[in-house]
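Q: 3D model of this:
(4 chains)
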Number of protein chains: 2
Amino acid sequence: MMRPPEHSVRPARRTRGERTADSRQLILDATLDCLFEDGYARTTTVTIQTRAGVSRGRLLHHFPHRDGLLVAACQHLASRHLAEMQTWVSGTLDPDCPDAARLDRAVGLLWSTFRQPYFWGAVELWTAARTDPGLRATLQPEERRLGTAIRHVVDAMFGGSITAAPGYPTVRELLFTSMRGVALTYAFDQRDPERDPHLPMWRAAARTLLAADPPATRPNDRRRP
Amino acid sequence: MMRPPEHSVRPARRTRGERTADSRQLILDATLDCLFEDGYARTTTVTIQTRAGVSRGRLLHHFPHRDGLLVAACQHLASRHLAEMQTWVSGTLDPDCPDAARLDRAVGLLWSTFRQPYFWGAVELWTAARTDPGLRATLQPEERRLGTAIRHVVDAMFGGSITAAPGYPTVRELLFTSMRGVALTYAFDQRDPERDPHLPMWRAAARTLLAADPPATRPNDRRRP
DNA sequence: ACGGAAACGGTCAGAGTTGACCGTGTGCGT
DNA sequence: ACGCACACGGTCAACTCTGACCGTTTCCGT
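A: Residues are numbered from 1 along each chain as shown, chains lettered A, B, ... in the order given. Alright, predicted model coming up:
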């Protein structure tokens, strides 16, 4: 009653654009959280609005249709993941790492990216996009952009000396796809990712492939006359 | 009116057990078809009963709850896929294949298994099982059994001389997981699987890894004093 | 032959989901 | 200062999906 308009409690007078940005951020983050925790099938608009802490009106004002919300979530997922990757790799990067131990570290780092909530959110969207042309149309270019960006980050993880090896492109692609394939099985078979038997296998295979002299594209005629 | 009970038109007098088996077969096949075509989220009991051509009573008599139906679909998927794999590999197997061309053939065959509807049905169930403990409990042992069985089939595809190589287990696992990871991207990026750039990469990497002399598990100390 | 249970066919209520709709307050251009 | 569109808050109707429920036919043991 006797309180004057206290300026320390006031919500800092947000502009209209800021409120809109906040709303979108809240809702899209909540959408990705729901995808991760509940899965695509149980991710309803009510679940999202509850988790985001917004009213139904606020949700429907920014995303009138569920389809548009999920499409926006795809783009949000991509941009958020990209930002995470870049800050995260710059924090754990070690410029003067001894030598071949860098490969082992890089493999471990790469594998750790497949345990983050991002990966499962992406999987949910991927599988949903398979039977949803609208989602697919959005997801495809977004994932392409992300793919090239991630490749650069991975290159930075491995470092120049490894990247220069002729067999490196094959190693990078093989590791990346194999890890994705292995990570997918964790959906129904949850073990300790740190003790995954594939981890030493990836390291050993990478060493062998990088040490192979030819680009490994010609099958025979290895020995010179 | 004047027709006697015609024995040529009568539906061959099925026993009760046969009808039950037919119903389950119809419903479970339709369930897997729905998973492949519509995806998990849009696979409803009504969709299934329509596609199976059964009444609601018939569906609910055999599968009172949707959960049980999907769990049964998991087992059905596994057994059906296993049977398909065995008959299919025995039909395309070539005992006296020249030599290393067998590897190329095996890689191509293995890759072709990731384009069948089975794979996408499995992916739908895997992702659903991640957030559904009931599905996961059923899927896990079933996929384990399938995994070992498939490994045997793959071994048969490669043949004894390749299988005997010390690096073979790594090659098999790497190929299998990498193909799964690549196949997953076809959910949102549909290209021609026959011209996938990974195909020559897999073949080349397999050759290199199989040709490597040591088991490739010890990182250093290659040269003896 | 005959009673009972299995194997349906078909309806319907209840819960859940989506989005249209209307009312309200407030930033913002003029 | 002023009004208008934006950014909500909140309600509700239409729709969908699930599973309970009841009636009917057909197989099967005795």
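
Q: Could you pull out the strands in chain A for me?
A: Using DSSP state E, chain A contains no strands.

Q: Please enumerate the helices of chain A.
A: Applying DSSP state H to chain A gives helices spanning A:16-38, A:45-52, A:56-62, A:66-92, A:101-113, A:117-130, A:133-158, A:160-163, A:168-185, A:198-211.

Q: Output these in JSON lines, with mean pLDDT and mean neighbour count appended to each entry.
A: In this view, the C-beta of every residue, glycine as well, is placed from N, C-alpha and C. Formatted as JSON lines, the helices of chain A follow (pLDDT from 0 to 100; neighbours: other CB atoms under 10 Å in any protein chain shown):
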{"stretch": "helix A:16-38", "mean pLDDT": "96", "mean neighbour count": "17"}
{"stretch": "helix A:45-52", "mean pLDDT": "98", "mean neighbour count": "18"}
{"stretch": "helix A:56-62", "mean pLDDT": "98", "mean neighbour count": "15"}
{"stretch": "helix A:66-92", "mean pLDDT": "87", "mean neighbour count": "17"}
{"stretch": "helix A:101-113", "mean pLDDT": "92", "mean neighbour count": "18"}
{"stretch": "helix A:117-130", "mean pLDDT": "96", "mean neighbour count": "23"}
{"stretch": "helix A:133-158", "mean pLDDT": "90", "mean neighbour count": "17"}
{"stretch": "helix A:160-163", "mean pLDDT": "90", "mean neighbour count": "14"}
{"stretch": "helix A:168-185", "mean pLDDT": "97", "mean neighbour count": "22"}
{"stretch": "helix A:198-211", "mean pLDDT": "96", "mean neighbour count": "21"}
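
Q: any idea how far the residue of chain A found nearest DNA strand D is from B:Arg102?
A: Closest approach between chain A and DNA strand D, counting by CB to the nearest atom of the strand: A:Gly57, at 1.8 Å. Applying CB to CB, to the nearest Å, the value for A:Gly57 to B:Arg102 is 65 Å.

Q: same thing with A:Leu77?
A: 42 Å.

Q: Could you do A:Leu60 as well?
A: Distance from A:Leu60 to B:Arg102, counting by CB to CB: 60 Å.

Q: Equivalent analysis for A:Leu109, please.
A: 37 Å.

Q: My guess is A:Gly108 contacts A:Leu199. True?
A: Yes - judged on CB atoms under 8 Å, A:Gly108 makes contact with A:Leu199 at a distance of 7.2 Å.

Q: So for those two, which residues contact both of them?
A: Applying CB atoms under 8 Å, 6 or more residues apart in numbering or on different chains, one finds that no residue jointly contacts A:Gly108 and A:Leu199.

Q: wait, what's in contact with A:Thr185?
A: Counting by CB under 8 Å, 6+ apart, A:Thr185 touches B:126, B:143.

Q: tally of neighbours for the residue lying closest to A:Arg130 once chain neighbours are set aside?
A: Closest residue in space to A:Arg130, ignoring its immediate chain neighbours: B:Ala187 at 3.9 Å, by CB to CB, 6 or more residues apart in numbering or on different chains. Residues lying near B:Ala187 (other CB atoms under 10 Å in any protein chain shown) number 21.

Q: Quick check: B:Ala187 touching A:Trp126?
A: Yes - contact criterion CB under 8 Å: B:Ala187 and A:Trp126 qualify, at 4.6 Å.

Q: for the closest residue to A:Arg151 other than its chain neighbours, what are its contacts?
A: Closest residue to A:Arg151 apart from its sequence neighbours, by CB to CB, 6+ apart: A:Arg172 at 7.1 Å. Contacts here follow CB under 8 Å, 6+ apart; on that basis A:Arg172 touches A:151, A:154-155, A:158.

Q: and if you look at A:Ala78?
A: A:Ala78 makes contacts with A:142-143, A:145-146, as judged by CB under 8 Å, 6+ apart.

Q: how near is it to A:Glu143?
A: In this view, A:Ala78 and A:Glu143 are 7 Å apart by CB to CB.

Q: now A:Ala52
A: Separation of A:Ala52 from A:Glu143 (CB to CB): 25 Å.

Q: before we move on, what about A:Leu70?
A: From A:Leu70 to A:Glu143 the distance is 15 Å (CB to CB).

Q: show me what contacts the nearest residue to A:Leu26 once chain neighbours are set aside?
A: Closest residue to A:Leu26 apart from its sequence neighbours, by CB to CB, 6+ apart: A:Ala52 at 4.5 Å. By CB under 8 Å, 6+ apart, the contact list for A:Ala52 reads A:26-27, A:29-31, A:59.

Q: DNA strand D contacts on chain A?
A: Applying CB under 7 Å from any atom of the strand, one finds that chain A approaches DNA strand D through A:16-17, A:19-20, A:22-23, A:54-58, A:60-62.
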